[in-house]
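Peer 1: Got a predicted model here, sequence first, then my questions.
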Amino acid sequence: MTMTPTTLATQTAHLVGPGKIKIHNGRLAFSTGQGSPTKLDAARLRQLLCYGDVGISDEAFHVLFQNGVEVAWLSPRGSRFRGRLANLADSGTPLRMLQHRVLADAAHQLALARIVVAEKLDSQLLAARHFQRHGVRDAAAFLRRVDEYRGQLAGAASLDVVRGLEGIASKEWFQLWAGQLVTPWTFPGRVRRPPTDPVNALLSLGYTWLINKMIARISAAGLEVQLGALHEYLAGRPSLACDLVEALRVPVVDRWVLKLLNGGSIRGEHFESSEAHGTRLTRDGFPQVLTHWEQDWQQHRHGALLEGQVLRFADRLRTTAGERMNDEG
């Protein structure tokens, strides 16, 4: 089964296995063994997201590398990131060296972590003002409290304090956000591994897709995806991607989930629950949600928001490094 929410001549294509990426009649294609292979425009592609069992032939590997296409593998329903294939022939070494040098300084790391959380709180405040304009009474109290947390960030003397402010603001955000869901949807609070209800399942799925898009863009920029500020290094964790999506969670994912559920595009029968996986989309529900996600991404031009986050972080690295050199001089 092949999912192509936009067109085949797109920068991001979704391939749902089982199947194989191979060369068919001289062109890159995806075959499930049923019907004709689906052709892919290798020249336009920047990222392939593969769900479940998706293999790649040797010839297809060559074409993907030649065109600089990153490939990421996720679980069959897209809720877990499994790994990725990236072309190492890049010119990002100087920027990565700069990133390592800046983040090795505790004061600079703290300053960058404050910015990450400040931007996330700003996104929550912006959304709460929107709720307030539409008559949500609880929004005023939320705005007062989170504005106070925002003011405390400048004086936060440690990463633990910064993370504490982010944590309490996020908890209060989800309490406000949950009140905007219509019947029959309810939200008991954020539960991640595994999600225990449809709302948490959609949030986790949206955050997974967002982080994978960020990983691809960070890698293309030549930055080290595992070295962040708010999220410190942990083997296997894309810490920088986790940092840079914080300001995008509310406008890209949380807003999308509200629209999806409140608009009636998805229903209770599109979810299933098990002890092993918690709550997740059914095999029929997953393609519908994936299509809705890609349409929303294109309609609201979220790619520009993501691009801006990466470029601003690179600029901050250069500015911080320049200031450090001046101080040392």
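Peer 2: Now that the structure is in, tell me what you want to look at. Numbering: from 1, shown residues only.
Peer 1: Do a quick rundown of the strands in this protein.
Peer 2: 2-3, 12-16, 19-24, 27-31, 38-39, 47-51, 54-56, 70-74, 81-85, 271-274, 278-281 (DSSP state E).
Peer 1: Pipe the ones you listed into a markdown table and attach mean neighbour count per row.
Peer 2: Yep, even glycine has a C-beta here, placed from its N, CA and C like the rest. Shown next, in a markdown table, are these (neighbours: other C-beta atoms under 10 Å):
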| stretch | mean neighbour count |
| --- | --- |
| strand 2-3 | 18 |
| strand 12-16 | 24 |
| strand 19-24 | 20 |
| strand 27-31 | 20 |
| strand 38-39 | 17 |
| strand 47-51 | 24 |
| strand 54-56 | 17 |
| strand 70-74 | 21 |
| strand 81-85 | 15 |
| strand 271-274 | 14 |
| strand 278-281 | 21 |
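Peer 1: comparing those, which gets the lowest mean pLDDT score?
Peer 2: Mean pLDDT is lowest for strand 2-3 among the strands of the chain, at a mean of 43.
Peer 1: In a markdown table: the strands of the chain, plus distance to His100.
Peer 2: Shown next, in a markdown table, are the strands of the chain (distance: least, C-beta to C-beta, whole Å):
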| stretch | distance to His100 |
| --- | --- |
| strand 2-3 | 38 |
| strand 12-16 | 29 |
| strand 19-24 | 34 |
| strand 27-31 | 35 |
| strand 38-39 | 41 |
| strand 47-51 | 25 |
| strand 54-56 | 31 |
| strand 70-74 | 22 |
| strand 81-85 | 21 |
| strand 271-274 | 42 |
| strand 278-281 | 37 |
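Peer 1: Which one, of those, ends up nearest to Ala111?
Peer 2: strand 81-85 (28.8 Å; C-beta to C-beta).
Peer 1: Are there helices or strands packed against the closest one, and which ones?
Peer 2: Other elements packing on strand 81-85 under the criterion 3 or more C-beta pairs under 8 Å, 6 or more residues apart in numbering; DSSP states H and E are strand 70-74, helix 198-221.
Peer 1: And Ser273, how close does it get to Ile21?
Peer 2: 32 Å (C-beta to C-beta, to the nearest Å).
Peer 1: Oh, that last question was meant for Ala314, not what I typed.
Peer 2: Relative to Ile21, and taking C-beta to C-beta, Ala314 is found at 31 Å.
Peer 1: Start from the N-terminal end of the stretch 51-200 of the chain and give the helices.
Peer 2: Here the stretch 51-200 of the chain has its helices, by DSSP state H, counting those that start in this stretch, at 58-66, 93-103, 106-133, 138-152, 159-178, 198-221.
Peer 1: Would you reformat those helices as CSV and include mean pLDDT, mean neighbour count and distance to Ala229?
Peer 2: Shown next, in CSV, are these (pLDDT from 0 to 100; neighbours: other C-beta atoms under 10 Å; distance: least, C-beta to C-beta, whole Å):
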stretch, mean pLDDT, mean neighbour count, distance to Ala229
helix 58-66, 88, 15, 31
helix 93-103, 88, 16, 6
helix 106-133, 96, 18, 4
helix 138-152, 95, 15, 18
helix 159-178, 96, 17, 8
helix 198-221, 89, 23, 13
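Peer 1: JSON lines please, covering these and showing distance to Asp284.
Peer 2: JSON lines is the format used below for these (distance: least, C-beta to C-beta, whole Å):
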{"stretch": "helix 58-66", "distance to Asp284": "29"}
{"stretch": "helix 93-103", "distance to Asp284": "43"}
{"stretch": "helix 106-133", "distance to Asp284": "31"}
{"stretch": "helix 138-152", "distance to Asp284": "36"}
{"stretch": "helix 159-178", "distance to Asp284": "27"}
{"stretch": "helix 198-221", "distance to Asp284": "14"}
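Peer 1: Tell me which of those helices sits nearest to Pro238.
Peer 2: Here helix 198-221 is closest among these (C-beta to C-beta), at 5.2 Å.
Peer 1: Mind giving me the packing neighbours of that closest one?
Peer 2: So helix 198-221, by 3+ C-beta pairs under 8 Å, 6+ apart, packs with strand 47-51, strand 70-74, strand 81-85, helix 239-245, helix 255-262, strand 278-281, helix 285-299, helix 302-328.
Peer 1: mean pLDDT lowest for which of the ones you listed?
Peer 2: Note on the helices and strands packed on helix 198-221: strand 81-85 shows the lowest mean pLDDT, a mean of 72.
Peer 1: The helices and strands packed on helix 198-221: which one's closest to Pro195?
Peer 2: strand 278-281 (4.9 Å).
Peer 1: Note down every partner strand of the closest one and its orientation.
Peer 2: According to DSSP bridges, strand 278-281 forms sheet pairs with strand 271-274 (antiparallel).
Peer 1: before we move on, back to that, the helices of the stretch 51-200 of the chain: which one's closest to Phe286?
Peer 2: Smallest distance to Phe286 across those (C-beta to C-beta): 8.7 Å, for helix 198-221.
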